[in-house]
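Asks: Give the three-dimensional model of this entry:
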Amino acid sequence: MLKVLLLSFQNPKLLLQVTLLPRKMIVQLTLFLAVLISLPSMARNIYTTTQLRNDLTKISSQLPDFHLKNHQAIDETSKKSQAIQTDNVYFLYDSQNSISKSTIETIISKNTMVLILNDKTLSIYTVGMNVSNMTISNDFSKDRLTQLINGFNNSLYLLYLLVPILMILTSLLTVLVNNIVFSLTSNMFFLTTRRKIRRDYLWRVCLFLSALPYMIMTALELFGIYISIGTALATVYIIFQQHRILKDIL
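Replies: Model (predicted):
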């Protein structure tokens, strides 16, 4: 596909064959593009999930020794507020509720994941959102908290499956919406020149032409380079190439 696109710069008529492709191949190309543009987001999310799991493992191994009986600290050690911070996770133990609300809000806003244990609840925040508020038992200690953190850590394995599926579905929607925009913009351009073109031709050629911009932007994003006007540039490129390809069959 890339070879055909590169050759089309010199001979645009090569892409006329795209208008003859069966619907099955168009669907396959759409899915391929969806998977392609999902790669950067997928890689970032999988990397973040792995980092979170490593950090949670580190925190569970460094938890303070405490014991709460009937939601009350039974010794002086259990009364002390303590915190553990890693690159992505912040754990705060505050059995006396002595940490101010503003301080807690600041901690939540500056960390990817925050676990806060007070005398009654274990709260978990992810990217600023409260995802869990668990009421602790009347007899709660370090061992029980370690079990809960390890259990939550193991549940993150699901993200390795759910994140790729969600990213691909989101990218599929992006491909379809972008192609609608590309097709409509191209159609408006042809109408301004008082020419009519079949919509299925526009859709197929737009989809095929969008492959090269998608490949370039995906490669750049994988290296941490983002182009804010990428869609606008792709639209200009597609309109220009479509005119070269379809002008002879109008």
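Asks: can you pull out the helices in this structure?
Replies: Counting by DSSP state H, the chain has helices at residues 2-8, 23-60, 76-79, 101-110, 142-155, 159-192, 199-209, 211-222, 230-246.
Asks: from those helices, which stretch is densest packed?
Replies: Greatest average neighbour count among these goes to helix 199-209 (a mean of 21), per mean count of other CB atoms under 10 Å. Using the backbone N, CA and C atoms, a C-beta is placed for each residue, glycine as well.
Asks: That one - contacts with which helices or strands?
Replies: Here helix 199-209 touches helix 23-60, helix 159-192, helix 230-246, going by 3 or more CB pairs under 8 Å, 6 or more residues apart in numbering; DSSP states H and E.
Asks: Of all those helices, which one is nearest S132?
Replies: With CB to CB as the criterion, S132 lies closest to helix 23-60 of these, at 13.4 Å.
Asks: Enumerate every residue touching T235.
Replies: Contacts for T235 (CB atoms under 8 Å, 6 or more residues apart in numbering) come out as V181, F182, T185.
Asks: actually S171, not the one I typed
Replies: So S171 contacts L33, A34, V35, L36, I37, S38, S41 (CB under 8 Å, 6+ apart).
Asks: Mind pulling up the pLDDT for the residue nearest to the last one when sequence neighbours are not counted?
Replies: Same thing as S41. With CB to CB, 6 or more residues apart in numbering as the criterion, S41 has its nearest non-adjacent residue at 5.0 Å, and that residue is M167. Looking at M167, its pLDDT reads 93.
Asks: doesn't M42 make contact with M167?
Replies: Yes: contact status for M167 versus M42: in contact at 4.6 Å, counting by CB atoms under 8 Å.
Asks: ok, now how distant is I108 from L122?
Replies: I108 is 14 Å from L122, where distance means CB to CB, to the nearest Å.
Asks: quick revisit: how about TSV for the helices of the chain, with distance to S95 added?
Replies: As requested, the helices of the chain are arranged in TSV below (distance: least, CB to CB, whole Å):
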stretch	distance to S95
helix 2-8	61
helix 23-60	17
helix 76-79	6
helix 101-110	14
helix 142-155	12
helix 159-192	31
helix 199-209	59
helix 211-222	45
helix 230-246	51
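Asks: Give me the contacts around stretch 135-144.
Replies: 63-71, 117, 120-122.
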